[in-house]
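Undergrad: got a predicted structure here, sequence first:
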Amino acid sequence: MINKEEFRRKVIISAGKIFSHYGFKKTTMDEIAKALKMGKSSVYYYFESKEEIFEAVVLYEANILRNELTTAIKSVESPVGKMKNYVFVRMKSFEKLSNYYNAIFDKNLDHFDFIEKIREKYDREELAILRLILYHGVRQKVFHVANTEYTAMAIQTTLKGLEVPLFWKKKEVNIENRLNAILDVLFYGIVVK
């Protein structure tokens, strides 16, 4: 007898690859079942619909991102190191976690209630992490920030602005250089002091 959670995880991972390759709209339950070498009815036993599978895939990838970010932040002590790790891991993870990325940014998926909830949760979590890094940096007198809330929002907005060119023009973009340029502006500003 197959363990239910183990099978659901297998479906999520397999379907994630298919959604990533074909997109949500073009992926069918037949393709998901075929990839699992099972009948469609077996998949329907664990998931009611393609939408439910997609939601599970997106949440699975969101959890991977959360874990990677937490590990990256905890791996260094300095607030500068934490911010640097956060920015690099966040941007590089989006490249790997395409279903999560699409769920957050694809306007064609807006009609799913769960997508809006995921977007809101992601934004709240990200702002909380950024505020915390900034708060610790201010307390340690490493960052000079008048308002951590507004600064966190500004950083988030900057990162979101970079996502589009980063993922739509993969060939010519050097992600390391762009992220370092953003971090230089963030840490040192552009005004001569």
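TA: Received, thanks.
Undergrad: what packs against the helix or strand hosting K82?
TA: If you go by DSSP states H and E, K82 is part of helix 79-96. Using 3 or more C-beta pairs under 8 Å, 6 or more residues apart in numbering; DSSP states H and E, the elements in contact with helix 79-96 are helix 50-74, helix 98-105, helix 113-139, helix 148-168, helix 175-188. For every residue, glycine as well, the C-beta is placed using N, CA and C.
Undergrad: in it, what counts as buried?
TA: 79-80, 82-94 (16 or more other C-beta atoms under 10 Å).
Undergrad: and this protein, what are its domains?
TA: 1-48, 49-188 (automatic domain parsing).
Undergrad: worst mean pLDDT among the ones you listed?
TA: Among these, domain 49-188 carries the lowest mean pLDDT, at a mean of 85.
Undergrad: ends of it, what's the gap?
TA: 50 Å (C-alpha to C-alpha, to the nearest Å).
Undergrad: repeat for stretch 131-150
TA: Stretch 131-150 has its terminal residues 9 Å apart, counting by C-alpha to C-alpha.
Undergrad: which residues touch that stretch?
TA: For stretch 131-150, the surrounding residues in contact (C-beta atoms under 8 Å, 6 or more residues apart in numbering) are 73, 78-80, 82-83, 86, 127, 151-152.
Undergrad: and it, what's buried?
TA: 131, 133-138, 142-143, 145, 148.
Undergrad: also stretch 5-23?
TA: 7-8, 10-12, 14-16, 18-20.
Undergrad: next one: the spatially closest residue to E163 that is not a sequence neighbour from I64, what distance?
TA: Here the nearest residue to E163 in space, its sequence neighbours aside, is F94; by C-beta to C-beta, 6 or more residues apart in numbering that works out to 6.6 Å. Noted for F94: a distance of 11 Å to I64, by C-beta to C-beta, to the nearest Å.
Undergrad: what of A103?
TA: The value you get for A103 to I64, if C-beta to C-beta is used, is 13 Å.
Undergrad: so of the contacts of stretch 131-150, which two are at opposite extremes in space?
TA: Largest separation among the contacts of stretch 131-150 by C-beta to C-beta: S78 and L127, giving 21.1 Å.
Undergrad: looking at the two, which is more packed in?
TA: More crowded of S78 and L127, by other C-beta atoms under 10 Å: L127, with 16 against 13.
Undergrad: contacting residues for that one?
TA: 149, 152-153, 156.
Undergrad: and the buried ones among the residues you listed, selectable in ChimeraX?
TA: To isolate the buried members of the contacts of L127 in ChimeraX, using 16+ other C-beta under 10 Å:
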select :152,153,156
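Undergrad: which single one of the contacts of L127 is nearest to F114?
TA: Among these, Q156 lies closest to F114 (C-beta to C-beta), at 21.7 Å.
Undergrad: count of neighbours near L59?
TA: When neighbours are counted by other C-beta under 10 Å, L59 registers 17.
Undergrad: okay then, goodbye and thanks.
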